[in-house]
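Chemist: please find the sequence and the predicted model below.
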Amino acid sequence: MSNTSAPDDTPLVPDVDAVDHLRSVVVAYEGSADRQTLYPADASEIERLTHWLSADADAFVALDELR
């Protein structure tokens, strides 16, 4: 999370290498929502213990769907 902000008129410039920066894993559960976890692609096994974001898998959408 960041405490900095950009003006509303700042153009958003996509990071063309962003695809290579994150890995994604989906874990399916019986009786509850599947969970998707994102973590840095270059994270060590130890770093993955603390450098991750998880949410219900249906909360994620493909970026191309929103463009």
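Modeler: Sure thing, it's come through.
Chemist: quick one, strands of this protein?
Modeler: With DSSP state E as the criterion, the chain has strands at 22-27, 35-40, 53-56.
Chemist: compute the inter-axis angle for the second one and strand 22-27.
Modeler: Between the axes of strand 35-40 and strand 22-27, defined by axes from the mean of the first three to the mean of the last three Cα atoms, to 10 degrees, the angle is 160 degrees.
Chemist: run the chain-centre distance for strand 35-40.
Modeler: Counting by Cα atoms, centre = their mean, to the nearest Å, strand 35-40 is centred 6 Å from the centre of its parent chain.
Chemist: same check, this time on the first one
Modeler: Here the centre of mass of C-alpha atoms in strand 22-27, compared against the chain's by Cα atoms, centre = their mean, lies 8 Å away.
Chemist: same question for the shortest one.
Modeler: Centroid displacement of strand 53-56 relative to its chain, using Cα atoms, centre = their mean, is 8 Å.
Chemist: pull up the pairing partners for that strand, direction included.
Modeler: For strand 53-56, the paired strands and their directions (DSSP bridges) are strand 35-40 (antiparallel).
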